[in-house]
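Undergrad: just coords:
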C-alpha cells in the first residue's frame, strides 16, 4: 500500500492532489502551470470527448480548426473582451533563436522580432469572428454551427491540476445566427447538452442557471452555466454557454443580408467545457481509497484478477476467463484481464480501487470448482459471489446500477447541503459549512461584491426556474427570486 | 460554374490552391502562415485521425498530452536536435499585456518578462523525455508506448495550405524501450502502420525506405519514411518514423535498471504524420473537376440529388429516397440527401464533383416510373442507370471498386514515371520530367548535396529492399544499391 492517499477529512485539498498523481491521471510539468495528462487520465478525457462530440454532431454542429495565435490588436476590438482576456496571456514576440555567442545554447534572435505580437489563444472568439466575416454574406450562409477541439492558454498565477492550469484542453463552439431568438435558442440548447452530459455520463448533478453580471463571460450579454457541487461543499462551474448578442459581429464588422434584403449584424453564441471537467469528475465521486468512475466514462469497466498458487491453476482460471471476456465485450463492456505475474492479487485490488475501475472480478481455484466468481463493486466496496454462468448479464445490469447509484449519491449529498437562508447573520454561519445557499439578493453587482469580500462566497447562478420573490439578505431591498450562493473552485 | 478550377496542365500549383479553397478544405488566416481548416477539410482529417488512432491502439499504444511550451534550454540539450529545430520557432517572452498609455488597445507589459523564454513546440522529444525521466526506473516500466495528438509550430517562411504551414496538426508517437532491437522493431512497425494507412485508406501507394543522413530527423540515428508521388511528378514525404538510439535518454539522463540489475540508457523512437497528409491526398487523386476522395476517407460517401419539376414529384422521389437511405446506412455507407430547393441539380452535380463525393445518385420522375436511379462515379465520371431494387448492394460493391481503382490509377502512374537512370547526363534530362529516378549513389552527403544544388533533386529514400550493386552516377564510386531521387514538396 505504498500509494495510500491522504484522507478527505484530514485534508481534502491534499487528498485531491494525491489522487490525481497516484491514480496516474496527470502531473505538473517542467513548464510552470502546464500539466502532463498521463495515459490513464487522457483515456477518461477521450471518453468524455467522444460523447460530447457525438452530442454536438447530433445537434447539427461540425468541427473545424482555427489558428493557435491571435494578433494582439484583435483582442482589443471587443471592449469587454479585452478586459477579461488580454491581461494574463502568453505573448509571442519573436520567431527565431540563434546560437549564443558564448557557444552555450541558444538565445532569442533580436532581429527576428514580430511586427505585431501574437497572443496564444485564451479563447477564440476574435480570430473566429475575423474569419466568419469572409464566410457570411447572406442569411443563406447562416446558421454557422462550428465547434473546435483545442488547447488554450491563460497565464494563471495559482494553478491546480485539471482545475486551473495555464494550458488546458477544451472545446469551444462558435455559432452565428440570423436572429436574436435563434442565437438564444442555441445558447440554451448547448446548456442542456452540457447538463445532459454532466448528469448522464459524469453522473454529476448540476444546477442550470444564468450568471450574474460579475461572473459573466467577457463580451457576453448573458452567460448560462451548469454548476456542480464537490464533496467538500464547494461549487465548481462545469460548463458555460454564452449569448454574445451582436458584440463580436460589430467588433469584426460581420453583417449579412436578411430575407427582406436588409443588412444586419450577425448574432452569436459561444460555449465550452474543458479538462476542468476531469477535476469535477474526480471530486464528485471519489473516496479515500481512490477514484470512483462512472461506468460510462471508465477506460475499462471490468478488471479480472486471477488468484492462483501455480501455473496449472492460472491456466485453468485463464481458460474460464477467456470464455467470459468475449461475452462481456459482446455486451459492449470493456474488460482488462490482469494476469501479470509480477504483482500479488492484493496489490492489484488496491491498484484498481485507486484507479476507480467500476467492477472487479476475482477468480480462484475454489471458484473454479464451484463455478463461481467474486464480483466487487467499486462504488459500494461490496463483494458478492456469483455463478459464472450468466455473469455477463449480471455485470451488464451492474453497470447501470453503479452509474445510477453514484449519481444518486451525489444528488443526495447535494440535496443535503442545499438550503434556504434568510438572513445575512445566518448566511455567515452557514457558508462556513459549505454547500449551496439559496438566498434573496437585490440584483446589484455591488451587493454581490460586498458579500464576496466578506465571505468569499459568490453567486454561482440565478436558477432558470425562479423561486418566490423576497427581500435581499444583505440590503433588505426587493428580490425577484432566490439565487445560489457558494464558495467555489 | 462560378467555382471553376485552373486546370492541372495549365498551372498545377494554382490548381492545387484553387482546389483547397474552392472545395472548402482550408484557407489562410489573418495570422501569417497559419491556416484555418474548414469543416469539410476537417471532416476528412477526422476520418484520418480515427483510422490512425485505431491502428495505434491496436499496436499497443495509448494517448497522452504534454505541454505546448518547451523551456528554451531544453532544446539545446540534444546537440543535433537544436540545430534542426531551435531556429525557426515561435518564442514566448512575456506573460501579460496591459492597457496602452495612449488609451488605444493593449501593449506588452515589460514587467511581465519570463525568466526563461518558452518555445512553442516544433516537436516534443525534449519535453517528453524530460518527463519520461520520472516515469522510468526499471525495465518493468518499459516499454512506454505513447502517442500525442497535438498542434505544433515551425516558423516557415514560405507556406502553402496543408503542405507547409507555420502551425499544423499532427500526431507524434514517443516510445521508450529496454533494448536497441526492440526500439528498432517499433520504428519499423510504425513505418508499416503508416504505409498500410497510406495505401489502404488514402489509396496512395508509397515507397518505404530510409533517409540519407542529409534528410534525417535532427537527433535520430535512422529515419524511416514513406514517400508518395504526386500527379505533377514531385515526391512528397508522407510520414516518418525515427530510431533515436539513446540520444534523448542521454540528453535528459533517462536510465533504467535492466533484468540483470545493470543500469543503461533507455532506447527511443518517435514517429509522426500531420495535416500534410491532406495535401498528399488531394494531389494524389484529384482532377480538373475537383477533389477525388477514396470512399474510406470521404466525409459522406454517397449524395442523392432529386430532379423534379414540382412539389408532388419531389415528394414522390423523397419517399423512394427515404427507403434507400436506411438500406445504405445499414451497410455502413454514409449518405447525404440534398433536397435543398435553392440550388439547381446542375449546380449540385458540380458542387459534389468539386467536393469529391465518391458516388452520386440522381433520381427523377422517369426513374420513379422505371424503378431506376442514375449512379455516377466520381473517380471515372461515368454514369449508369441501375434498378432501385438492390441498389444498396450495387453501391456497396462500388465503394470497394472505387477505392481499388483510385489506388490502381495512382500506382500505375507512379510505375510509369519510376525508372532507372544510369548516368548523370541522363539524370539531368530525366529529372526535368519528374517522377522517381532509381540511381546508384556513392553514399556520401557531399554527392547528394552537389546533385541537389545542381538539379534541385534529393534522395527521397534508400529503399528497404536493396537492388543490385553498381557505380554512383555522379562520382563513379561504388554503390551498394540504387536510391530514389526526385524533386520534392
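TA: Perfect, I can see it now. Only a predicted model underlies this, so the values are computations on that prediction, with no experimental measurement involved. Residues are numbered from 1 along each chain as shown, chains lettered A, B, ... in the order given.

Undergrad: quick check, central residue of chain A?
TA: By Cα atoms, centre = their mean, chain A has its centre lying nearest to residue A:277, at 1.5 Å.

Undergrad: so what's it up against?
TA: If you count contacts by Cβ atoms under 8 Å, 6 or more residues apart in numbering or on different chains, residue A:277 has them with A:48, A:198, A:202, A:238-239. Where C-beta positions appear, they are placed from N, C-alpha and C, glycine not excepted.

Undergrad: now it: which helix or strand?
TA: Using DSSP states H and E, residue A:277 falls within helix A:276-285.

Undergrad: that helix: what's the following helix or strand?
TA: Using DSSP H and E, the first helix or strand after helix A:276-285 is strand A:302-306.

Undergrad: give the next helix or strand downstream of that following strand.
TA: helix A:311-330.

Undergrad: ok, and does the helix or strand that that next one is followed by reach over to chain B?
TA: Sequence-wise, the next helix or strand downstream of helix A:311-330 (DSSP H and E) is strand A:335-337. No - judged by Cβ under 8 Å from any Cβ of the partner chain, strand A:335-337 and chain B are separated, with a smallest distance of 12.6 Å.

Undergrad: now do the buried residues in strand A:335-337.
TA: Across strand A:335-337, burial judged by 16 or more other Cβ atoms under 10 Å in any protein chain shown covers A:335, A:337.

Undergrad: which strands border it, and is each parallel or antiparallel?
TA: Applying DSSP bridges to the sheet, strand A:335-337 is found paired with strand A:302-306 (parallel).

Undergrad: spell out which residues make up each domain of chain A.
TA: If you go by automatic domain parsing, the domain ranges for chain A are A:12-285, A:302-398, A:418-486.

Undergrad: which parts of the stretch 351-489 of chain A are helices?
TA: Remark: helices assigned in the stretch 351-489 of chain A by DSSP state H, counting those that start in this stretch are A:365-370, A:391-416, A:424-430, A:445-455.

Undergrad: give me whichever of the ones you listed is most buried.
TA: Stretch with highest mean neighbour count among the helices of the stretch 351-489 of chain A: helix A:391-416 (a mean of 17; mean count of other Cβ atoms under 10 Å in any protein chain shown).

Undergrad: just give me how far that helix sits from the chain centre.
TA: Its chain's C-alpha centre and that of helix A:391-416 lie 20 Å apart, by Cα atoms, centre = their mean, to the nearest Å.

Undergrad: I'd like the average pLDDT over that helix.
TA: For helix A:391-416, the mean pLDDT works out to 98.

Undergrad: ok, stretch A:121-128 next?
TA: The average pLDDT for stretch A:121-128 rounds to 97.

Undergrad: try stretch A:352-363
TA: 98.

Undergrad: wait, residue A:163 touches residue A:275, no?
TA: No - contact criterion Cβ atoms under 8 Å: residue A:163 and residue A:275 do not qualify, at 9.3 Å.

Undergrad: what's near enough to touch the nearest residue to residue A:138 once chain neighbours are set aside?
TA: Excluding the flanking residues, the one nearest residue A:138 by Cβ to Cβ, 6 or more residues apart in numbering or on different chains is residue A:257, at 5.0 Å. Residues near residue A:257 by Cβ under 8 Å, 6+ apart: A:137-139, A:263.

Undergrad: the closest residue to chain B within the stretch 101-250 of chain A: neighbouring residues, count only.
TA: Nearest to chain B, among the residues of the stretch 101-250 of chain A, is residue A:105, at 3.9 Å (Cβ to the nearest Cβ). Neighbourhood size, residue A:105 [other Cβ atoms under 10 Å in any protein chain shown]: 16.

Undergrad: pop out the phi and psi values for it.
TA: Backbone geometry at residue A:105, expressed as degrees, to the nearest 10, gives phi 70, psi -160.

Undergrad: what's the answer for the one 10 residues further on, then?
TA: With angles defined as degrees, to the nearest 10, residue A:115 shows backbone torsions of phi -60, psi -50.

Undergrad: could you pull out the strands for the stretch 51-200 of chain A?
TA: Using DSSP state E, counting those that start in this stretch, the strands of the stretch 51-200 of chain A run over residues A:62-63, A:69-71, A:88-99, A:106-108, A:113-120, A:144-153, A:167-177.

Undergrad: quick check: angle from the fifth one to strand B:88-99?
TA: For the pair strand A:113-120 and strand B:88-99, the angle between their directions (axes from the mean of the first three to the mean of the last three Cα atoms, to 10 degrees) equals 70 degrees.

Undergrad: returning to that earlier point: next, format the strands of the stretch 51-200 of chain A as TSV and append mean neighbour count.
TA: Listed next are the strands of the stretch 51-200 of chain A as TSV, based on neighbours: other Cβ atoms under 10 Å in any protein chain shown:
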stretch	mean neighbour count
strand A:62-63	18
strand A:69-71	25
strand A:88-99	21
strand A:106-108	18
strand A:113-120	18
strand A:144-153	21
strand A:167-177	23
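
Undergrad: and of those, who's closest to residue B:71?
TA: strand A:106-108 (11.5 Å; Cβ to Cβ).

Undergrad: sec struct for the residue in the stretch 201-350 of chain A that chain B sits nearest to, please.
TA: Going by Cβ to the nearest Cβ, chain B is nearest to residue A:342 of the stretch 201-350 of chain A, at 6.6 Å. What DSSP: H, G, I helix; E, B strand; the rest coil gives for residue A:342 is coil.

Undergrad: got the contacts of residue A:277 as a markdown table, with pLDDT, distance to residue B:268 and secondary structure columns?
TA: Listed next are those as a markdown table, based on pLDDT from 0 to 100; distance: Cβ to Cβ, whole Å; DSSP: H, G, I helix; E, B strand; the rest coil:
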| residue | pLDDT | distance to residue B:268 | secondary structure |
| --- | --- | --- | --- |
| A:48 | 98 | 30 | helix |
| A:198 | 98 | 40 | helix |
| A:202 | 98 | 37 | coil |
| A:238 | 98 | 39 | strand |
| A:239 | 98 | 39 | strand |
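
Undergrad: now the helix or strand containing residue A:50 against strand A:144-153, angle please.
TA: In the assignment (DSSP H and E), residue A:50 maps to helix A:39-58. Orientation of helix A:39-58 against strand A:144-153 (the same axes, to 10 degrees) gives an angle of 160 degrees.

Undergrad: and helix A:39-58, which residues are buried?
TA: Within helix A:39-58, the residues that count as buried by 16+ other Cβ under 10 Å are A:39-49, A:51-53, A:55-56.

Undergrad: got the angle between it and helix A:276-285?
TA: Here helix A:39-58 runs at an angle of 110 degrees relative to helix A:276-285 (the same axes, to 10 degrees).

Undergrad: do you know which of the helices of the stretch 351-489 of chain A lies nearest residue A:211?
TA: The closest of these to residue A:211 is helix A:445-455. By Cβ to Cβ, the value is 10.7 Å.

Undergrad: packing partners of that closest one?
TA: If you count contacts as 3 or more Cβ pairs under 8 Å, 6 or more residues apart in numbering or on different chains; DSSP states H and E, helix A:445-455 packs onto helix A:424-430, strand A:458-463.

Undergrad: OK, contacts around residue A:196?
TA: For residue A:196, the contact set (Cβ under 8 Å, 6+ apart) comprises residue A:55.

Undergrad: can you give me the pLDDT of it?
TA: pLDDT for residue A:196: 98.

Undergrad: just the one 5 residues further on next, same as before
TA: pLDDT, the model's per-residue confidence, is 98 for residue A:201.
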